[in-house]
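Enquirer: Pasted the sequence and its predicted model underneath.
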2 protein chains.
Amino acid sequence: MAQQKTRIQRREALISATRKVARESGLAGTSVRAVAAEAAVSVGSVLYYFPNFDELMFATVEGVMEEFYERRRAISDAHTDPRARLAALIVAGVPDEISSDLRMAYESIPLLRQQPQYKPLHRSVVERQVMLYRSAIEIGVALGDFHPTTGIDVIARNIVALEDAYDMYPLIGFDLPAAGYRRNIASYVQTALACELPPLEALEQPAGGAAG
Amino acid sequence: MAQQKTRIQRREALISATRKVARESGLAGTSVRAVAAEAAVSVGSVLYYFPNFDELMFATVEGVMEEFYERRRAISDAHTDPRARLAALIVAGVPDEISSDLRMAYESIPLLRQQPQYKPLHRSVVERQVMLYRSAIEIGVALGDFHPTTGIDVIARNIVALEDAYDMYPLIGFDLPAAGYRRNIASYVQTALACELPPLEALEQPAGGAAG
DNA sequence: TGCGTATTTGAACGACTGTTCAAATTGTAG
DNA sequence: CTACAATTTGAACAGTCGTTCAAATACGCA
């Protein structure tokens, strides 16, 4: 039974090494040999713990995306007030620097041609994000904070779509400040929900940075 | 001088072949040999007209994206009424079937790591699309059709962002009907501009399909 | 200690990649 | 028709990739 434990640990070490390589070299630059070097093992060992390299890649992307969603959910849970929750989700959802999670998600798009098993991963994360926003909006409606001008499904999905696009822009060379994107989304939310969101500035820049 | 003409024609034939291969096999599956086979020439001929394969790929993606924008601009020009123009842009901007242009755009994201020259391409197309919407909104404001609830830059950029995200979703396995996405965007536009858009149905399904 | 299994190694394989280039072919001007 | 240049060819090269597997090593138990 002890061997089962080390086997899982070995797999996780390899996934961790794959993450690092993918973060630094991109999914396209992630090879068996690069992972083996990063994990300080031989190529044979990598393929000893995974039936093939594709499964290691998939396990890696899967883990990254699940953790991404978990982080989103934790942010949602940390705020009970629906307006604060929306603001926090938006601020964390469009970071100043593109997160490696999102970069990996976008880099995996070309893989979907030959590797359809990635599709449920992406789909699931998007859908669950929509549900996070749906919940927040529903609470706000119940409390009388929000007065949706249209279906809350539409609003929730539009918010996630805005986030997805604005997260992608830095990848394609845009160097506009993410704070502007966040305000664009907040602008939409306030219009669609006929509400006032708390100022995003308080949530941005966890360390210092207030205007003098 | 005649040789200059055929040289350009040869290059265009190779770009055309590259497009077809990329459409059918994806950017990742586009190789010198695949292009050569598609163009019915030898690998040596391909590299005779381009200093290297990267330049052929870049010229191909560049052409596809420029044509994509030109099609957008033509749609914009075809409608003088700002409300009709917005509706037409939205309908054409979120097609039922993912267009090969957009697929190629998203598939090129991973290339940006090693090939930064692609970045201005993407950036430029997005910016010009924002300007198309900006113009339409400005006209509508001047005519008294639109009453923006916030800056028109914000609205125009949000519309393009929504389109970009909703265009990407089919690539990652979503099979929700694009008509729903279009209505989501129209819903946002109507709220943000305090206006009524013409029904999208009339612009959808150029051939038949009206409800009985 | 010794046996047997689990693990690790890395060379080798075949299939691919972009690129090169001598040789063959084609086209054209004199 | 000749001669020269432009073009085309495809084998060959050096590199990468994922995968295999015999051999070597490490480990746990009697």
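Expert: Thanks, I have the structure now.

Enquirer: all helices of chain A, in order?
Expert: Counting by DSSP state H, chain A has helices at residues A:2-25, A:32-39, A:43-49, A:53-77, A:82-93, A:100-107, A:119-143, A:152-168, A:178-193.

Enquirer: list the contacts for the most centrally placed residue in chain A?
Expert: The residue lying closest to the centre of chain A (CA atoms, centre = their mean) is A:Phe68, at 4.1 Å. Taking CB atoms under 8 Å, 6 or more residues apart in numbering or on different chains as the contact definition, A:Phe68 lies against A:99, A:101-102, A:105, A:125. For glycine as for every other residue, the C-beta is placed from the backbone atoms N, C-alpha and C.

Enquirer: Most neighbours of all those residues, which one?
Expert: Using other CB atoms under 10 Å in any protein chain shown as the neighbour test, the contacts of A:Phe68 are led by A:Ala105, with 24 neighbours.

Enquirer: pretty sure that one contacts A:Glu62?
Expert: No - counting by CB atoms under 8 Å, A:Ala105 does not reach A:Glu62; the two are 11.2 Å apart.

Enquirer: how is chain A carved up into domains?
Expert: Domains of chain A are assigned by automatic domain parsing as A:1-50, A:57-198.

Enquirer: Please work out which of the ones you listed is packed deepest.
Expert: Of all the domains of chain A, domain A:57-198 carries the top mean neighbour count, a mean of 19, counting by mean count of other CB atoms under 10 Å in any protein chain shown.

Enquirer: now the nearest residue to A:Gln117 once chain neighbours are set aside: how far from A:Pro51?
Expert: Excluding its sequence neighbours, the residue lying closest to A:Gln117 (CB to CB, 6 or more residues apart in numbering or on different chains) is A:Phe58, at 6.3 Å. A:Phe58 is 11 Å from A:Pro51, where distance means CB to CB, to the nearest Å.

Enquirer: same check, this time on A:Ser42
Expert: 17 Å.

Enquirer: Model confidence at A:Met104, what's the number?
Expert: For A:Met104, the pLDDT comes out at 96.

Enquirer: actually A:Gly212, not the one I typed
Expert: On pLDDT, A:Gly212 comes in at 30.

Enquirer: Then A:Glu62?
Expert: At A:Glu62, the predicted lDDT confidence score is 97.

Enquirer: same deal with A:Phe50?
Expert: 97.

Enquirer: what do you get for A:Leu203?
Expert: 84.

Enquirer: isn't it right next to A:Gly93, touching?
Expert: No - with contact defined as CB under 8 Å, A:Leu203 does not reach A:Gly93; the gap is 11.1 Å.

Enquirer: how distant is the lowest-mean-pLDDT helix or strand in chain A from the center of its chain?
Expert: Of all helical and strand segments in chain A, the minimum by mean pLDDT, DSSP states H and E falls on helix A:2-25, at a mean of 90. Remark: helix A:2-25 is offset 21 Å from the chain centroid, using CA atoms, centre = their mean, to the nearest Å.
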